[in-house]
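1. Using only what follows, build the 3D model:
(one chain, ligands or ions: 1)
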Amino acid sequence: MRSKSLNGGEPKAMKMKLWPDDWAPKPNISISTMKTYLECPRKFWYSNAPNEVKRQFQRQYKLERNLTSDNMLVGQIVDEVIKGDLKLYRAIRDWTSDLHHAGQGVLKEILKCSEEYLRVRDNKDARIPFEDHNPLERIYYGEDYSPIELDAKMNQVNRCLDIYAKSGFREFMEVHWEYEWQIPLPVTKRPVPWYFVGNMPVYASFDFIMYRPDHGYVIDWKTGKRTEASMKSAREQLHLYAGFLNTEWNVPLDNIHVGAVWLQESGMPEFEPTDVSFLNDIYRNLRDHFAIIETKFEEGTAAELLGARIFPMTDNDRFCRYCQYRSCSGYKKAIQKRREYDEMVAPDEE
Ligand code: SF4
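-> Predicted coordinates:
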């Protein structure tokens with residue numbers, strides 16, 4: 001029995017919760033997709049349009065959709081190494097002996113996948129692969145990493161992993177052996193976790209959950225700096241994952257502790273109990289945005305290729321300049337504007 005349900009009643013019969021067998025129906029929402037929608041509705045559409053519409057997108061948009069930005073690279077490697085470390089301990093009760101080496105291995109795989117993706121880009125008959133890693137945006141656009149840049153990235157990775165190893169986190173896990181450990185599998189093996197809040201499918205792409213019937217922990221690794229904004233966003237995500245743990249495995253919300261691991265600092269989560277009214281506020285906010293997205297989504301799907309018109313481009317150049325969809329005219333316009341500005345403020349050459 002659940003102690004509390006915030007889901008606004010049971011889902012409709014036709015929309016039974018299907019994870020882990022299925023992907024979330026579209027449209028769905030998460031903190032990050034809501035942010036994408038607010039920054040640029042067109043970007044949301046390129047990334048989330050239903051398959052029947054996506055089939056009509058040009059190949060370059062389909063390719064660009066899968067790219068990972070440069071500033072995600074460190075987090076991606078650290079996340080995979082720590083998950084591997086936990087899986088190893090769970091399987092054989094031994095921790096990874098050389099975390100730096102494991103990090104190098106993950107980097108190699110990501111670079112390999114990015115190189116392969118380039119070949120797909122240049123061969124229009126090649127099938128777009130669905131893999132565990134996403135290709136790096138910079139490599140796709142021909143802005144290769146120099147050895148010095150890669151060393152700097154790996155130094156950041158190693159610093160985070162050293163903090164993790166010395167933090168006492170592993171010892172904390174060892175005394176929680178009797179908990180069920182949940183570590184999401186790669187997307188080729190299992191869909192991204194999600195759940196229904198009423199009739200709204202919500203993504204809950206957690207890093208790590210452990211629970212027993214009466215108690216649970218939700219933990220997320222963070223490789224970025226701890227700022228007011230990043231802490232707020234982490235807290236929102238963790239609470240959504242607590243909602244998932246409550247819905248999926250029936251752990252009472254009152255008995256779920258959530259905590260982010262800030263790997264530039266201490267490496268041990270500062271746990272707090274789930275704040276039910278805070279979670280309710282998040283659901284309310286998501287629901288408001290989801291209602292708009294759902295209506296537009298239906299119109300966009302019905303209009304097929306016209307869908308993009310229903311999801312307009314942002315007029316904020318800042319979002320366009322860092323956007324992965326460089327085939328979009330918004331990107332080209334923003335870069336042109338930036339060039340003109342730079343020329344205007346550049347000192348006259350002698
Ligand atoms: S380039 Fe700009 S307008 Fe186009 S999808 Fe990206 S953010 Fe939106």
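
2. So for the spatially most central residue of the chain, what's the pLDDT?
-> The geometric centre of the chain, computed from its C-alpha atoms, lies nearest to residue 205 (Cα atoms, centre = their mean), at 6.6 Å. For residue 205, the model assigns a pLDDT of 94.

3. I'd say it and residue 191 touch.
-> No. Assessed by Cβ atoms under 8 Å, residue 205 is found out of contact with residue 191, at 10.4 Å. Where C-beta positions appear, they are placed from N, C-alpha and C, glycine not excepted.

4. tell me which residues in stretch 160-179 are buried?
-> For stretch 160-179, a neighbour-count test (16 or more other Cβ atoms under 10 Å) marks 160-161, 163-165, 167, 169-170, 173 as buried.

5. Also stretch 139-149?
-> 139-140, 145.

6. That stretch: how far from the chain's middle?
-> 23 Å (Cα atoms, centre = their mean, to the nearest Å).

7. Kindly report the same for stretch 74-87.
-> On Cα atoms, centre = their mean, the centre of stretch 74-87 falls 14 Å from the chain's centre.

8. got the contact list for that stretch?
-> 68, 95-96, 99, 102-103, 106-107, 110, 133, 153, 156-157, 160-161, 164, 170, 173, 181, 183-184, 207-208, 221-224, 263 (Cβ atoms under 8 Å, 6 or more residues apart in numbering).

9. does residue 63 belong to a helix or a strand, and which?
-> Using DSSP states H and E, residue 63 maps to helix 59-65.

10. Using CSV, write down the CA coordinates of the helix or strand containing residue 43.
-> Secondary structure assigned from DSSP H and E places residue 43 in helix 41-48. Output of helix 41-48 as CSV, limited to C-alpha atoms (Å, rounded to 0.1, in the frame of the first residue of the first chain):
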residue,chain,number,x,y,z
PRO,A,41,9.6,25.2,-29.0
ARG,A,42,11.2,24.3,-32.4
LYS,A,43,14.1,22.5,-30.7
PHE,A,44,11.6,20.6,-28.6
TRP,A,45,9.8,19.5,-31.8
TYR,A,46,12.9,18.4,-33.6
SER,A,47,13.8,16.3,-30.5
ASN,A,48,10.4,15.0,-29.6
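
11. near the ligand at all, that helix?
-> Yes. Using Cβ under 6 Å from any ligand atom, helix 41-48 reaches the ligand at 42-43, 46.

12. just checking, what packs against that helix?
-> helix 31-39, helix 59-65, helix 276-302, helix 307-310 (3 or more Cβ pairs under 8 Å, 6 or more residues apart in numbering; DSSP states H and E).

13. what would the ones you listed look like in TSV with mean pLDDT?
-> TSV is the format used below for the helices and strands packed on helix 41-48 (pLDDT from 0 to 100):
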stretch	mean pLDDT
helix 31-39	95
helix 59-65	92
helix 276-302	93
helix 307-310	78
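
14. Next to the ligand in this structure, residues from the stretch 251-350 of the chain, please.
-> Close to the ligand, as judged by Cβ under 6 Å from any ligand atom, the stretch 251-350 of the chain has residues 313-314, 319-320, 323, 325, 328, 330-331.

15. Now flag whichever of the residues you listed is closest to residue 289.
-> Proximity of these to residue 289 was ranked by Cβ to Cβ; the top entry is residue 314 with 15.8 Å.

16. hang on, the closest one is in a strand, isn't it?
-> No. With DSSP: H, G, I helix; E, B strand; the rest coil as the criterion, residue 314 is assigned coil and is not in a strand.

17. nearest residue to it other than its sequence neighbours?
-> residue 40 (3.7 Å; Cβ to Cβ, 6 or more residues apart in numbering).

18. Same question for residue 283.
-> residue 197 (5.4 Å).

19. pretty sure that neighbour contacts residue 244?
-> No. Residue 197 is beyond contact range of residue 244, at 9.6 Å (criterion: Cβ under 8 Å).

20. Next up, the contacts around the residue in the stretch 151-300 of the chain positioned nearest to the ligand.
-> Proximity to the ligand, evaluated over the stretch 151-300 of the chain using Cβ to the nearest ligand atom, is greatest for residue 300 at 14.3 Å. Each residue near residue 300 by Cβ under 8 Å, 6+ apart is listed here: 45, 49, 53, 306-308, 310-311.

21. Could you tell me whether residue 259 really is in a helix?
-> No. Assignment of residue 259 by three-state DSSP gives strand, placing it outside any helix.

22. and it, what is it in contact with?
-> 217-220, 238, 269-272.

23. circling back: tell me which entries of the buried residues of stretch 160-179 lie within helices.
-> Among the buried residues of stretch 160-179, the members found in helices (DSSP state H) are 160-161, 163-165, 169-170, 173.

24. near the ligand, from the residues you listed?
-> Within those, nothing lies near the ligand by Cβ under 6 Å from any ligand atom.

25. The spatially closest residue to residue 166 that is not a sequence neighbour: how many residues sit nearby?
-> Using Cβ to Cβ, 6+ apart and skipping the chain neighbours, the partner closest in space to residue 166 is residue 267 (6.8 Å). When neighbours are defined as other Cβ atoms under 10 Å, residue 267 has 20 of them.

26. No more questions from me, cheers.
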